[in-house]
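Chemist: Sequence plus the predicted model coming up.
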Amino acid sequence: MGSKESVLPPAAELTDDKLLEMYYAMVRGRRLDERMWVLHRQGKVAFHISGIGHEATQVGAAFTIRQGHDWVYPYYRDIAMVLALGMTPRMLMLGLFGKKEAVSSGGRQMPEHFSYRPSKLVTISSPVGTQIAQAPGTAFASKIKGSDEVTVVCFGEGTTSQGDFHEGLNWASIHKLPVIFLCQNNQYAISEPINVEMAVGHVSDRAKGYNMAGVSVDGNDVLATYDAMREAMARARHGEGPTLVEAITYRPVPHSSDDDDRTYRSREEVEAWKKKDPILNFEKLLYKRGVLDDAKKAEIEAKVMAEVNDATDYAINAPYPAAEEALYPVYGPLPG
Amino acid sequence: MSTHERTITIRDAINEALFEEMERDDQVFLMGEDIGVAGGVFKVTSGLLERYGPNRVIDTPIAEAGIVGLAVGAAMTGMHPVVEIMFCDFTTLASDQIINQAAKLRYMTGGQCAVPLVIRTTMGAGRRTAAQHSQSLHAWFAHIPGIKVVLPSTPADAKGLLKSAIRDNNPVIFFEDKMMYNQKGPVPKGEYTIPIGEAHVYRSGMDATVICTSSMLYPSLEAADRLKEEGIHIEIIDLRTIKPLDERTLIKSAQKTGHVLVVDEGYQSFGVTAEIAARITEGAFDYLDEPVRRLGAADVPVPFAPALEDMTIPSADQIYSVIKTMVS
């Protein structure tokens, strides 16, 4: 793995404009995420769980998904992905603060439990792995209905130790369901490194046990992830069954705002991975291809920061839900 | 505080109990997610890996069903696994191993096998971690024959009860309130245990009884302090264990005061408060001046936004108001 820059030429449909959209999507995820950390450190929000370092995987995948057509079960780190799939910085900021207007739940659910019906984003579960059992059910429904929807379910490598992983993959393969299992392997299940989590070299090795296509890619390379996902999409869309895609990446930040990663890994290790930062990687490639230059980069940064500032201000000033809103909707529709 | 005590946190009290029991019995071992190198996400198991090594302090994959299944298998051979499930919300993933296996194996084998297993897990809201990290599911397990359910509220009780749980020859689920780990209190020096199944009359009073569990002791005390200034004396009983239940202590107090409020952080419907109310009604009906009152968590998933979350959990204000209406 170990990427400096992509060895792949961009796929034909990835025009220069498309490449710049991808870059913008990655920077947008990163800057919004960084602001969320700041707000937590300032004591303005209770909790943050971050997707920093995962942007290449998430954006590469998102650009293969038909927004609003395909179903997506995001990973709780999928900030860049859900932004690329139609959620806005304001929506995510409102969720971070638990404000009334937050689309995912109106302050009922934790911030990164993305749930957004227009983009067919299905909410996260805190006990992990449950979505891996659900996603083949969604794909099964698409198959029965004769729709060409594909379901993408995202999770970390730690989650692949859960029983639901086995049950979901087994089902999906038996019925050749249009589902993609996208594992964002960031090397750690909170404090536990991968050798404590599994005895196989790659999560994708497990695909063999289900007679399913399995592939590992450099998850810090947006084009590599895009290509692997595009192939998996074609397979799913044409009724040829599921794929297990493992995007190998790294979490350069603590598990969450409650975690201190200094207790379980060296600073040297973290610094080494920061040199393989997915955004820097992609920047290099775009400069080399003449798609990006200093002026364009500054323009994108300014645009993103304006959105981040707007989202922050908007969310800070937005009202919290009234206490009695806690009592519904446990059953039935929202009143009014 | 006597010279035989010192003040420590619940976190440290539990940590001490684990150290002492691992030292006492080499059949005791720990399993759970992030409990080794990181010392647990709530830092309760700090230092144990360094002292007892990776064969007795095992960082497991994220696999709750597997963790409890393994522990049941080891326990049947006579070992004493102490498992940590990070949040009781995640015990659902291991529910078959707990409810159909651990709880029933002794009975199903006609007593040929025992499952001396302890599951330590966290309960309680207030941490702004919403629907799947904040529940208090102890009543579920108390519903199942074959399991003991312990939920201490003070450092001394946490230590003494955990030691008893580890020495027990049955599956015990030990609930720790995640917001109380920093709660300090006096803990005896040296060896002691507290028996499972005994409630603690935390404070005596004549006017009304408050029966509470786990962290609900603290808002109950706060309410009682306010009422005391008004000349109303509340008896506070901390259950400490809900299965087995110390029915005698509860009924005795109900007979004395004639007014009973039960406070518990589990969902109110079909929960601990309902069971206690029924037992008291059966055991002290003729002594009661009014029906047993209940305060539990609102029957909704625990929400995230602070204002929403706070209104779902019993508070000192609520306890105060309910008692006022009872005794006036």
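Modeler: Right, received. Where do you want to start? Residues are numbered from 1 along each chain as shown, chains lettered A, B, ... in the order given.

Chemist: List the contacts of residue 138.
Modeler: Picked chain A for this. Under the criterion of C-beta atoms under 8 Å, 6 or more residues apart in numbering or on different chains, the contact list for A:T138 reads A:71, A:73, A:122, A:151, A:179. The way it works is simple: take the backbone N, C-alpha and C, and place the C-beta from them, glycine included.

Chemist: my question was about chain B
Modeler: Neighbours of B:H138 in contact, by C-beta under 8 Å, 6+ apart: B:88, B:123, B:149, B:151, B:173, B:175, B:213-214, B:242, B:266, B:272.

Chemist: For the contacts of A:T138, work out which two are farthest apart.
Modeler: A:V122 and A:V179 (12.4 Å; C-beta to C-beta).

Chemist: where in chain B is pLDDT low?
Modeler: B:1-2 (pLDDT under 70).

Chemist: can you tell me how far the spatially most central residue of it sits from B:H143?
Modeler: By C-alpha atoms, centre = their mean, the mean C-alpha position of chain B lies nearest to B:L151, the distance being 1.2 Å. Distance of B:L151 to B:H143, given as C-beta to C-beta, to the nearest Å: 15 Å.

Chemist: Residue 145 - how many residues pack around it?
Modeler: All of this refers to chain A. 9 (other C-beta atoms under 10 Å in any protein chain shown).

Chemist: I was thinking of chain B, sorry if that wasn't clear
Modeler: By other C-beta under 10 Å, neighbour count at B:P145 equals 9.

Chemist: try the one 3 residues further on
Modeler: In terms of burial, B:K148 registers 22 neighbours under the definition other C-beta under 10 Å.

Chemist: Identify the residue nearest it in space, chain neighbours excluded?
Modeler: B:V172 (4.5 Å; C-beta to C-beta, 6 or more residues apart in numbering or on different chains).

Chemist: burial count for that neighbour?
Modeler: For B:V172, using other C-beta under 10 Å, the count is 28.

Chemist: Correct me if wrong: it contacts B:P152.
Modeler: No - between B:V172 and B:P152 there is no contact under C-beta atoms under 8 Å: 12.0 Å.

Chemist: Would you tell me which residues of chain B are close to chain A?
Modeler: Residues of chain B lying close to chain A by C-beta under 8 Å from any C-beta of the partner chain are B:33-34, B:37-39, B:41, B:59, B:61-66, B:87, B:89-90, B:92-93, B:128-133, B:298-301, B:303-312.

Chemist: In contact with residue 198: list those residues for me.
Modeler: You didn't pick a chain, so chain A it is. A:M198 neighbours (C-beta under 8 Å, 6+ apart): A:157, A:160-161, B:61.

Chemist: not what I meant, chain B
Modeler: B:240-241, B:246, B:249.

Chemist: From B:A142, how far off is it?
Modeler: 16 Å.

Chemist: which residue packs closest to the closest residue to chain A within the stretch 151-300 of chain B, ignoring adjacent ones?
Modeler: Using C-beta to the nearest C-beta, B:V300 is the residue of the stretch 151-300 of chain B that sits closest to chain A, at 5.1 Å. Using C-beta to C-beta, 6+ apart and skipping the chain neighbours, the partner closest in space to B:V300 is A:V330 (5.1 Å).

Chemist: go on, A:L20?
Modeler: A:V291 (6.2 Å).

Chemist: The one you found belongs to a helix, doesn't it?
Modeler: No - going by DSSP: H, G, I helix; E, B strand; the rest coil, the assignment for A:V291 is coil, not a helix.

Chemist: Next up, the contacts around it.
Modeler: With contact set as C-beta under 8 Å, 6+ apart, A:V291 has these partners: A:16, A:19-20.

Chemist: Just the strands from the stretch 201-328 of chain B, written as ranges.
Modeler: B:208-212, B:234-238, B:241-243, B:260-267, B:293-297 (DSSP state E, counting those that start in this stretch).

Chemist: OK, contacts around the residue nearest to the spatial centre of chain A?
Modeler: Centroid-nearest residue in chain A: A:D78, 2.6 Å away (criterion: C-alpha atoms, centre = their mean). A:D78 sits next to A:51, A:54, A:58, A:112, A:114, A:154 when contact means C-beta under 8 Å, 6+ apart.

Chemist: got it, and B:H233?
Modeler: Residues near B:H233 by C-beta under 8 Å, 6+ apart: B:204-207, B:227.

Chemist: Restricted to buried residues, select those residues in ChimeraX.
Modeler: Command for ChimeraX that selects the buried part of these, burial taken from 16 or more other C-beta atoms under 10 Å in any protein chain shown:
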select /B:205,207,227
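
Chemist: re the thing from before, report the buried members of the residues of chain B next to chain A.
Modeler: The buried subset of the residues of chain B next to chain A - by 16+ other C-beta under 10 Å - is B:33-34, B:37-39, B:41, B:59, B:61-66, B:87, B:89-90, B:92-93, B:128-133, B:298, B:300-301, B:303-305, B:307-309, B:311-312.

Chemist: Would you map the helices across chain B?
Modeler: For chain B, the helices defined by DSSP state H cover B:10-24, B:48-52, B:64-75, B:95, B:105-108, B:138-142, B:155-167, B:217-229, B:247-257, B:272-284, B:306-312, B:316-327.
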